[in-house]
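**Student:** Got a sequence here, can you build the structure:
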Amino acid sequence: MIMKLTTITHVSVDGVMQGLGGPDEDRRGGFERGGWALPLFDDEAATFLGEVFQRADAFLFGRRTYEIFAGSWGTGSWGADQGDNPISVALNRGPKYVASTTLTDPQWADTTVLSDDVAAAVGELKATPGGELQVHGSGNLVRWLVDNRLIDEITLLTYPVVVGQGTRLFPATGPDAALDLVESRAFSKGITLGVYRLTGRPQYAT
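**Tutor:** The predicted structure is shown next:
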């Protein structure tokens, strides 16, 4: 079985994905409402997310998310050692790829920078035997992957909050895509899970 590319994204009801983890995580564009996700992230959601990370054979990041993850989950001299936390274990044992033209000296072990012909490099990764090549966060990268129709499956964790400002997962205009819902559930604090398989372009009424 060849590897499928899956994206895992936390969004508000109005589609915001910026600064979910803390007030100072990402203040670009004057964003002042960071940390909107953590008060709603319960044990049930944490268990699910840990299981998702354990399924990954490799990870693909944009630079900014890579640096946030390295600082949060990396071991050794780069980041904080999270011990046997399933997310930390998965990230530190698996190969990591970063789509970036500016990152030249990654310090997190088992990191490869993809700076030339990213589409071809991602295509080669997807052609290798395996389960999942996972993309977490990395909004610019996800939008680029959608544009280039490289995503096989989208996992959305939608939080019951309207943030009202910040970067959205999908822009106001962009490519269209048809989705098949393959899994859905709700967690105790109102986060809803939707797992979607991309099936080409939508059909429109005439």
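**Student:** In contact with Met1, which residues?
**Tutor:** Contact analysis of Met1 by C-beta atoms under 8 Å, 6 or more residues apart in numbering lists Pro129, Gly130, Gly131. Just so you know, the C-beta spots here come from the backbone N, C-alpha and C atoms, and that holds for glycine as well.
**Student:** gap between the closest residue to Arg63 other than its chain neighbours and Val118?
**Tutor:** Distances taken as C-beta to C-beta, 6 or more residues apart in numbering place Ser100 nearest to Arg63, at 4.1 Å, with adjacent residues excluded. Applying C-beta to C-beta, to the nearest Å, the value for Ser100 to Val118 is 9 Å.
**Student:** which is the next helix or strand following the helix ranked longest in the chain?
**Tutor:** Selection of the longest helix in the chain by residue count, based on DSSP state H, yields helix 43-55. Counting by DSSP states H and E, the element after helix 43-55 in chain order, helix or strand, is strand 56-62.
**Student:** Restricting to C-alpha, output that next one in PDB.
**Tutor:** Extracted in PDB, the C-alpha atoms of strand 56-62 (Å, rounded to 0.1, in the frame of the first residue of the first chain):
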ATOM      1  CA  ALA A  56       1.800   8.500  11.000                       C
ATOM      2  CA  ASP A  57       4.700   7.000   9.000                       C
ATOM      3  CA  ALA A  58       6.100  10.400   8.300                       C
ATOM      4  CA  PHE A  59       5.300  14.100   8.800                       C
ATOM      5  CA  LEU A  60       5.200  17.000   6.400                       C
ATOM      6  CA  PHE A  61       5.300  20.600   7.800                       C
ATOM      7  CA  GLY A  62       5.500  24.200   6.700                       C
END
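**Student:** so what strands line up beside it?
**Tutor:** strand 96-99 (parallel), strand 132-136 (parallel) (DSSP bridges).
**Student:** can you put those strands in a markdown table and add mean pLDDT?
**Tutor:** Shown next, in a markdown table, are the strands paired with strand 56-62 (pLDDT from 0 to 100):
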| stretch | mean pLDDT |
| --- | --- |
| strand 96-99 | 95 |
| strand 132-136 | 96 |
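**Student:** Would you format those as JSON lines with mean neighbour count and distance to Gly50 included?
**Tutor:** Output for the strands paired with strand 56-62, formatted as JSON lines (neighbours: other C-beta atoms under 10 Å; distance: least, C-beta to C-beta, whole Å):
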{"stretch": "strand 96-99", "mean neighbour count": "22", "distance to Gly50": "18"}
{"stretch": "strand 132-136", "mean neighbour count": "24", "distance to Gly50": "13"}
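**Student:** Let me have those in JSON lines, adding distance to Thr158 as columns.
**Tutor:** Shown next, in JSON lines, are the strands paired with strand 56-62 (distance: least, C-beta to C-beta, whole Å):
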{"stretch": "strand 96-99", "distance to Thr158": "25"}
{"stretch": "strand 132-136", "distance to Thr158": "16"}
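**Student:** among the ones you listed, which is nearest Arg27?
**Tutor:** strand 132-136 (20.3 Å; C-beta to C-beta).
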